[in-house]
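>>> sequence isn't available, so here's the structure alone:
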């Protein structure tokens, strides 16, 4: 039964690989959730930050364009 | 943009299915008469390979759909499938090499399938690299779509040129993993494994697409409702 | 029809600019020459081993020379947004793709023959009647390589770290053409002209396929906005 | 000395609807609407960063708006160039001569190639016709770029800073060439600081301030310079 280590190795790599990948998605999702919350807080305090839904009106001091 | 629960019910289902087919594959199903226990590697190697090809097909189709409809949801599907496809291709190459070592005593034998898979790994690694090098979101989606299409068109060409290259005169490797003549219970386990891998694939696809959607939602430069 | 007419005008522009500036072909030929000499030195003076390695040497040298030509042509288009200018003028922008395929395949064809001549001398290859077949191999492999390069160059045209990205994005997609080219030339060198023809046919199919994909996808890839 | 091509019936208009362009957090253009029709020469005035160049690129279609749409409508003839743009980038091949560049563009636009010298003459750069563009001065290059654009005879002519870097005589020739195009029924839009010269040829002018149309008025009722213009 010399092949057992090969079989075990293969299964470990497959299961381990898939598990590692899924956790990497979860980790990246956490990062995105944190930035989303930060933007939410930011938009709440400072309307100056361009927000896509409540467009700045004409006479409003929109973010200074330095393009 | 509600983020997925820690582990959705679908995730649990996929996880348990994979656990079951793994245990059955390792301990319950009898060893293959000819190859012995080594043949058990097939239950993880073959599904990985088939799903890798499926993943790249999903990237191809969603790339075409993106160019046609210009909706970011297709681009998100394309990147999700490509990334998962790359992971599965990596797994396929490694388990294939292990299987090769166990059966032929060599890690690499330029077996046509393994060689093709290795080339595909590099092609789709190129796809991810192209995406990382393009800034503007919509431009990245459009250019990645074109690359996704060219990469996929390349798959059959690579497959046949490697098969031909392997030997116009030399028959391909004798051991054909998916050989229909194998024992029925083994075949059943292979199909069960394929099913469990497919469930895991779909689950990973949904999670990865949701991640990309989360990134787009947090990206201020995008218009509303992307 | 005007697609082809415009394409020829664009190809002639590429060739005229190249003849005047002369950097693309020169640097590509130099690159290939260096590759030949290095490999000759590495293998050593045994004619038998050199001969068996000739197709590999020629084709690796050719691939890197092709990247150099493609890079230079892209640079010319990008300076002063000359490409955007062409884009706006043209009504059928696929002629930009066909034009680039024409000028690139002419360059690759000439490069391939030049490298074969150099290899014949440096690697002491016996000259056989079957060599005439190399012209056919050069034609179709150049077209296949040119169509892939033209399309992918448009995709990565203004990516950041572009010069690092181009080889990685391009070389894997050139593998089938590489295999066809090496196998066809090996067969011809061994006098197996039937296999040579078979692989030349494979290269022709690849050329047709990638030109087709290019015609469909090029506008989405090259759009400047 | 009039440009050679005949007047054609094709009337083209560009309709921009709530066009917005964001570069990261910076607002280049904000919710802008614009209707422009053949026969108009619109001069877009405004300080640096008011969004003039961005607007022209979006109208040309070489820059996608973050939101909003730009449509060209009317009956442009099939198989002809619709939009021409020249600005800081002159879209020329440095290794070709001025004449070769103009002939290349005219040929690809299926226009008469032999009018190249005339176009260069009209802009006062005929003496450089056979010099390599890479060796020309910036001012000359811009005029060769404009000559190339006019040689393709597009329905819409967009020129960013047509008079920048030119002496009075050269600037007058450029203004004259643009006026000729206007009279031929093309839609001409120029972005400029040179209010004086643009007023002499414009049918309408817009003042841009931080990505918005501050004021728009037919020429003649334009307020004296400075009033209403953003500082800088």
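In hand now; what should we look at? Values in this document were obtained by computation on a predicted structure and should not be read as measured data.
>>> all helices for chain C, in order.
Remark: helices assigned in chain C by DSSP state H are C:2-21, C:23-43, C:47-78, C:82-89, C:94-122, C:132-155, C:162-170, C:175-189, C:193-222.
>>> over to chain B?
Under DSSP H, chain B gives helices at B:9-23, B:42-69, B:72-104, B:112-132, B:137-166, B:184-217.
>>> for the third one, the averaged confidence score.
Along helix B:72-104, the predicted local confidence has a mean pLDDT of 94.
>>> that helix near chain D at all?
No. Applying Cβ under 8 Å from any Cβ of the partner chain, one finds helix B:72-104 separated from chain D by no less than 13.4 Å. Using the backbone N, CA and C atoms, a C-beta is placed for each residue, glycine as well.
>>> so for that helix, what gets flagged as buried?
Neighbour-count burial for helix B:72-104 flags B:72-103 (criterion: 16 or more other Cβ atoms under 10 Å in any protein chain shown).
>>> one more: the first one?
Applying a neighbour-count criterion of 16+ other Cβ under 10 Å, the buried positions in helix B:9-23 are B:11, B:14, B:15, B:17, B:18, B:21, B:22.
>>> and the residue nearest the centre of chain B, how far is that from residue D:135?
Nearest to the geometric centre of chain B sits residue B:52, at 1.7 Å (Cα atoms, centre = their mean). Separation of residue B:52 from residue D:135 (Cβ to Cβ, to the nearest Å): 55 Å.
>>> what do you get for residue D:29?
With distances taken as Cβ to Cβ, residue D:29 is found 36 Å from residue D:135.
>>> where does pLDDT dip in chain A?
For chain A, the stretches with pLDDT under 70 are A:1-2, A:43-67.
>>> just chain D next, same as before
D:1-10, D:76-79, D:219-232.
>>> which residue does it bring closest to chain C?
Relative to chain C, the nearest point of chain D is residue D:91 (2.5 Å; Cβ to the nearest Cβ).
>>> model confidence for the residue of chain C most remote from its centre, exactly?
Ranked by distance from the centre of chain C (Cα atoms, centre = their mean), the top residue is residue C:46, with 29.8 Å. You'll see residue C:46 listed with a pLDDT of 82.
>>> try residue C:166
The score at residue C:166 is 89. That number is its pLDDT.
>>> for the nearest residue to it once chain neighbours are set aside, list the residues it contacts.
Using Cβ to Cβ, 6 or more residues apart in numbering or on different chains and skipping the chain neighbours, the partner closest in space to residue C:166 is residue C:156 (5.9 Å). The contact partners of residue C:156, by Cβ atoms under 8 Å, 6 or more residues apart in numbering or on different chains, come to B:130, B:133, B:143, C:162, C:165, C:166, C:169.
>>> list just the nearest of the residues you listed to chain D.
Distance to chain D across those (Cβ to the nearest Cβ) is lowest for residue B:143, with 12.9 Å.
>>> what is the neighbour count of that closest one?
Neighbour count of residue B:143, defined by other Cβ atoms under 10 Å in any protein chain shown: 25.
>>> what do you get for the one 10 residues further on?
Here the number of neighbours of residue B:153 (other Cβ under 10 Å) works out to 18.
>>> find the nearest non-adjacent residue to it, please.
In space, and not counting its chain neighbours, residue B:153 is closest to residue C:213: 5.3 Å by Cβ to Cβ, 6+ apart.
>>> against residue D:70, how distant is the one you found?
From residue C:213 across to residue D:70, the span is 30 Å (Cβ to Cβ).
>>> likewise residue B:156?
40 Å.
>>> which of these two has more neighbours?
Using other Cβ under 10 Å as the criterion, residue B:156 and residue D:70 rank with residue D:70 on top: 19 against 12.
>>> so where does the more buried one fall, helix or strand?
Applying DSSP states H and E as the criterion places residue D:70 in strand D:67-74.
>>> list the contacts of that strand.
Residues beyond strand D:67-74 that count as contacts (Cβ under 8 Å, 6+ apart) turn out to be B:223, D:10-20, D:31-32, D:37-38, D:58-59, D:61, D:82-83, D:155-156.
>>> buried residues of stretch D:82-97, list them for me.
Going by neighbour count (16+ other Cβ under 10 Å), the buried part of stretch D:82-97 is D:82-87, D:89-97.
>>> can you give me the neighbour number for the residue nearest to residue B:153?
Neighbours of residue C:213 (other Cβ under 10 Å): 19.
>>> per-residue confidence at it?
Looking at residue C:213, its pLDDT reads 95.
>>> which ones are touching it?
B:149, B:150, B:153, C:147, C:151.
>>> now with 10 Å?
Residue C:213 is in contact with B:146, B:149, B:150, B:152, B:153, B:154, C:147, C:148, C:151, counting by Cβ atoms under 10 Å, 6 or more residues apart in numbering or on different chains.
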